[in-house]
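**Student:** the sequence and its predicted three-dimensional model are supplied below.
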Amino acid sequence: MCCVRFDFTVPTKNLREKDLKRQILLELVEYVASANEKFTENLMLEVVKMVSANIFRDFTPRPRENNNVLLDSLDFDDEEPHVDPAWSHLQVVYELLLRFIISPETDAKIAKRFIDHSFVMKLLHLFDSEIPSEREYLKSILHRIYGKFMVHRPYIRKTINNIFTCFVFEEEKHNGIAEFLEVFGSIINGFALPLKEEHKLFLVRTLIPLHKPKCLAMYHHQLSYCVTQFVEKDFKLADIVVRGLIKYWPVTNSTKELLFLNELEEVLEATHASEFQRCMVPLFREISSCLNSLHFQVAERALLLWNNDHIENLIKQNRKVILPIIFPSLERNARHHWNQSVRSLTLNVRKVFYDIDPDLFEECQIRFQEDESMEKEIEEKRESTWKLLEELASKKVVSNEAILVRPTSSAS
């Protein structure tokens, strides 16, 4: 009876049979949870067979317009979560599977014959379900399988890695990325030291490129946790992570930029001075650009990095390299930024540098003024050249004679 799949799209169809099936499933859950003797091989086979018959199914995704403009304008987070009419039965089946896996009466050596690579593969593909409750169950079950069936660990990591790669470089559509990353957060936490090369490659080739998709916000919290775990386990990975973030740094998406800045602070907090020095030049070129952002939250978030004691100490120790990079941005903010909060924070940061090294600050200020004068001079020459062109063009407007503009002596 429990292996029969009923049609739940018609609520009034097979009501008696549906109720009977649900009641039997609940009794099975209670039996598995309270069992006090080892499950037999035949029982394991029947449980896996029944679970497979119920949960493994093809998804029919809800239609969405295949139009990038429309997709960008929609906020799918505001959509009502999809509810499968059969979920009341599926939920009990998932509960049974979870209790079966965590039960001490389930012998992993025997159960691995039935919970095999094929079963795990189908289970992983269910993570694309649009039902949040189903993904939560799947996350718990996968975590238990990973812990109990050690023989499946490499296969699980490889398969999820393939799903991530397909998501980043091909589809950019998958409902279970956050749940996968949450499972990986626990897996990474358990990695032995020193880290294997395979695990470092996973960071470089999979986790860092996951910053690329537009829908980063849907799973960024879990991704940031995974990345930070790597840096905390091996501080030498900080340079690789920071350069990876710079590589995928958003150009026109301020929301993503805020996420990157939040993650950057977490990474830098676990970064040692030696690794910081290796990446600080490209890093502060990017931060300098953020400081001048017209989106006040981006500029404000970048300036708030100085509120972190560890990061501020790293900056102070390397001020002779960092201040010349960011000084023009600080000066422009202090003079011209439209947001009062950004201007105030900028003045605070300028004061930090001035208090610790007034000579360096004054040197940067003189250099900035010289560069500013040079830029002004170049702009005046450009305007003078255009004005000369306009005058010559107006004189020869009737003829077809070509206009030759000789460079002025000051421009040579």
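**Tutor:** On my side now, so go ahead. Bear in mind that the values here come from a model prediction, so they are computed numbers and not experimental data.

**Student:** can you tell me how far H272 sits from S344?
**Tutor:** H272 sits 32 Å away from S344, going by C-beta to C-beta, to the nearest Å. Heads up, the C-betas are built off the backbone N, CA and C, glycines and all.

**Student:** pretty sure F361 contacts F353?
**Tutor:** Yes. Counting by C-beta atoms under 8 Å, F361 touches F353, with 5.3 Å between them.

**Student:** so what sits against both of the two?
**Tutor:** L323 (C-beta atoms under 8 Å, 6 or more residues apart in numbering).

**Student:** distance between the ends of stretch 191-209?
**Tutor:** Terminal residues of stretch 191-209 are spaced 21 Å apart (C-alpha to C-alpha, to the nearest Å).

**Student:** could you give the separation of that stretch from the chain centroid?
**Tutor:** Taking C-alpha atoms, centre = their mean, to the nearest Å, one finds stretch 191-209 lying 16 Å from the centre of the chain it belongs to.

**Student:** now stretch 267-275
**Tutor:** On the basis of C-alpha atoms, centre = their mean, stretch 267-275 sits 20 Å off its chain's mean C-alpha point.

**Student:** what lies in contact with that stretch?
**Tutor:** When contacts are defined by C-beta under 8 Å, 6+ apart, stretch 267-275 is touched by residues 227-228, 231-232, 235-236, 238-239, 241-242, 245, 276, 305, 308, 310-311, 314, 317.

**Student:** residues in contact with stretch 335-350?
**Tutor:** For stretch 335-350, the external contacting residues (C-beta under 8 Å, 6+ apart) are 291-292, 294, 296, 299-300, 303-304, 306, 330, 333-334, 361.

**Student:** how about stretch 226-246?
**Tutor:** Stretch 226-246 has contacts (C-beta under 8 Å, 6+ apart) with 181, 184-185, 188-189, 191, 193-195, 199-200, 203-204, 207-208, 211, 260, 263-264, 266-268, 270-272, 275-276, 278-279, 282-283, 286.

**Student:** in helices, which of these appear?
**Tutor:** Of the contacts of stretch 226-246, the ones assigned to helices by DSSP state H are 181, 184-185, 188-189, 199-200, 260, 263-264, 266-268, 275-276, 278-279, 282-283, 286.

**Student:** only the buried subset of those, as a PyMOL command please.
**Tutor:** Provided next is the PyMOL selection string for whichever of the ones in helices among the contacts of stretch 226-246 are buried by 16 or more other C-beta atoms under 10 Å:
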select buried, resi 181+184+185+188+199+200+260+263+264+266+267+268+275+276+278+279+283+286
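
**Student:** that older thread, are any of the contacts of stretch 267-275 buried, and which?
**Tutor:** 227-228, 231-232, 235, 238-239, 241-242, 245, 276, 305, 311, 314.

**Student:** next, count neighbours for M44.
**Tutor:** 20 (other C-beta atoms under 10 Å).

**Student:** could I get the average pLDDT for the helix or strand harbouring it?
**Tutor:** M44 belongs to helix 41-55 when assigned by DSSP states H and E. The average pLDDT for helix 41-55 rounds to 92.

**Student:** by contact count, what packs against it?
**Tutor:** When contacts are defined as 3 or more C-beta pairs under 8 Å, 6 or more residues apart in numbering; DSSP states H and E, helix 41-55 sits against helix 87-102, helix 108-111, helix 117-125.
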